[in-house]
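S.K.: I'd like to go over a predicted model; first the sequence, then the structure.
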Amino acid sequence: MSRALVIFASEEGQTSKIALRLCEMLREHGIEVAVRDGTKPQAGERLAGYDGIVIGSAIHYGHHAKPIRELVSSHRAILRTRHTAFFSVSLSAGGPHRDSAAAKRYLEEFTAETGWKPDLATSFAGAIRHSRYGLLKTLLVHLSLRKTGTPEAGDHEYTDWKAVAEFAAAFARRLATPARSS
């Protein structure tokens, strides 16, 4: 049985939700899966014990989570010897004012900054949860969304769960192939 590790950094909970759903879907493909919070110091320990590693990060104020960037940068050598995948979560990937070019640019910037090229990489749309935001956060979200049109009121989840399932299936197929060599 293949072993996979899913590491994520979530700012407001949607990346965590996507990571946990990926874990469920990989298990449905017969893969033994562990999950780690990428913001914890031990997130990068014993990566060699896994056949595949999936890493995910939210985009927050235009950047992927610093702990994820640092984890990938410091573990590039082992990541190059495993099946790997990366997912980015942002409103650019889908939402009230989708910007596919920006979502693609975030992935390219992450690859350039970390020096890591995963086997699979994609962007998933995130969520807006006004009910959980304080006044300042609500204002910042509204200002950000006004650049591309009128922001929507209320809570909205934009994640395409079918795309998440397809990503999980593609990674499961990848794990069924021989291990990578560096």
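M.R.: Received the coordinates, thanks.
S.K.: for the most centrally placed residue in the chain, what are its contacts?
M.R.: Nearest to the mean C-alpha position of the chain, counting by C-alpha atoms, centre = their mean, stands G56 at 2.4 Å. The contact partners of G56, by C-beta atoms under 8 Å, 6 or more residues apart in numbering, come to 6-9, 15, 18-19, 22, 38, 68, 86-89. Every residue, glycine included, has its C-beta placed from N, CA and C.
S.K.: elements contacting the helix or strand in which T15 is found?
M.R.: Here T15, judged by DSSP states H and E, is contained in helix 14-28. With contacts taken as 3 or more C-beta pairs under 8 Å, 6 or more residues apart in numbering; DSSP states H and E, helix 14-28 sits against strand 3-9, strand 32-37, strand 52-60, strand 83-90, helix 161-175.
S.K.: Let me have the ones you listed in CSV, extended by mean pLDDT.
M.R.: Shown next, in CSV, are the helices and strands packed on helix 14-28 (pLDDT from 0 to 100):
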stretch, mean pLDDT
strand 3-9, 97
strand 32-37, 98
strand 52-60, 94
strand 83-90, 96
helix 161-175, 97
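S.K.: how about those, which one is nearest G126?
M.R.: Across the helices and strands packed on helix 14-28, G126 has its closest neighbour in strand 83-90 (4.7 Å, C-beta to C-beta).
S.K.: returning to that earlier point: distance to T122 added to the helices and strands packed on helix 14-28, as CSV?
M.R.: Shown next, in CSV, are the helices and strands packed on helix 14-28 (distance: least, C-beta to C-beta, whole Å):
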stretch, distance to T122
strand 3-9, 14
strand 32-37, 18
strand 52-60, 10
strand 83-90, 5
helix 161-175, 6
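S.K.: out of those, nearest to T111?
M.R.: Closest approach to T111 among these (C-beta to C-beta): strand 83-90, 8.2 Å.
S.K.: Name every sheet partner of that closest one and say whether each one runs parallel or antiparallel.
M.R.: Strands that pair with strand 83-90, judged by DSSP bridges, come out as strand 52-60 (parallel), strand 120-125 (parallel).
S.K.: Any buried residues in the helix or strand following it, and which?
M.R.: On the C-terminal side of strand 83-90, the nearest following helix or strand under DSSP H and E is helix 100-114. By neighbour count on 16 or more other C-beta atoms under 10 Å, the buried set for helix 100-114 is 103, 106-107, 109-110, 114.
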